[in-house]
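Enquirer: fold the following, please.
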Amino acid sequence: MRRSTIFRVIFALGAAILSGNAAAVGIGVGYFNTGGFYLDGTNVLATFRVNDKIVLEPYAQYETSDDADSNGTTSTTISGYGLGILSPLEKRDNLTMYVGVRIADSTLTQESSSGSLGKLTIDVLSIIPLGGVDYALSANFSAGFEIGYSFDEGKNTYDRSSSNNSDISGGGVFSSLIMRYHFSSGN
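Expert: Sure, this is the predicted structure:
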């Protein structure tokens, strides 16, 4: 699926949320981890319930770090955004099981003071089918866990050495831990 198609889907779903067809349910923070090219890290999420069968969860990530060693300093920036489309299957007591997909667009930029290749930029588009559980800790707080497989496609780009640029594709096991605050009970 082309990146422009993904953007259109995300914006169309965002328009549906803003048009009033979905109710705000909550916000959250999640740590996403994968063995694929999708960039691991902490994400801020908003949760919208469209109806009893569809929950939309747009999310965003931005992290920076500077690491120094004997070879110099490496500055890294990770940014991205995505959308989770989740479908609750069954609710038992405080536990809700769901299936869904997360679509993510992530960018890692890395620049080293000693790097002869220059600045590295990795752009990755990921599609992640998954299953998950959400456990209500109270009327307004819940903890969730997801597991799935990340299908990744992207490109490595060096600003000083285009001969080292390459397309990347692959995947890996995706897992996440998410803490959510629900604006109303009945999550």
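Enquirer: can you list the strands that the lengthiest strand in the chain pairs with?
Expert: Taking DSSP state E as the criterion, the chain has its longest strand at strand 72-92. With DSSP bridges as the test, strand 72-92 is paired with strand 55-69 (antiparallel), strand 95-112 (antiparallel).
Enquirer: so which bits of the last one are buried?
Expert: Buried residues in strand 95-112, defined by neighbour count with 16 or more other Cβ atoms under 10 Å: 96, 98, 100, 102-110, 112. Heads up, the C-betas are built off the backbone N, CA and C, glycines and all.
Enquirer: follow-up on the earlier one: can I get the CA coordinates of the longest strand of the chain in PDB?
Expert: Extracted C-alpha coordinates of strand 72-92, given in PDB (Å, rounded to 0.1, in the frame of the first residue of the first chain):
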ATOM      1  CA  GLY A  72      32.300  11.400  19.100                       C
ATOM      2  CA  THR A  73      28.700  12.400  19.600                       C
ATOM      3  CA  THR A  74      25.700  10.800  17.900                       C
ATOM      4  CA  SER A  75      22.400  12.700  17.900                       C
ATOM      5  CA  THR A  76      19.200  10.700  17.300                       C
ATOM      6  CA  THR A  77      15.600  11.900  16.700                       C
ATOM      7  CA  ILE A  78      12.700   9.500  16.400                       C
ATOM      8  CA  SER A  79       9.300  10.900  15.300                       C
ATOM      9  CA  GLY A  80       6.100   9.300  14.000                       C
ATOM     10  CA  TYR A  81       2.400   9.000  14.100                       C
ATOM     11  CA  GLY A  82      -0.100   6.300  13.500                       C
ATOM     12  CA  LEU A  83      -3.600   5.100  13.900                       C
ATOM     13  CA  GLY A  84      -4.900   2.000  15.700                       C
ATOM     14  CA  ILE A  85      -8.200   0.600  14.400                       C
ATOM     15  CA  LEU A  86      -9.400  -1.800  17.100                       C
ATOM     16  CA  SER A  87     -12.500  -4.000  17.500                       C
ATOM     17  CA  PRO A  88     -13.500  -5.200  21.000                       C
ATOM     18  CA  LEU A  89     -14.500  -8.800  20.900                       C
ATOM     19  CA  GLU A  90     -15.500  -9.800  24.400                       C
ATOM     20  CA  LYS A  91     -15.700  -8.300  27.800                       C
ATOM     21  CA  ARG A  92     -15.500 -10.400  31.000                       C
END
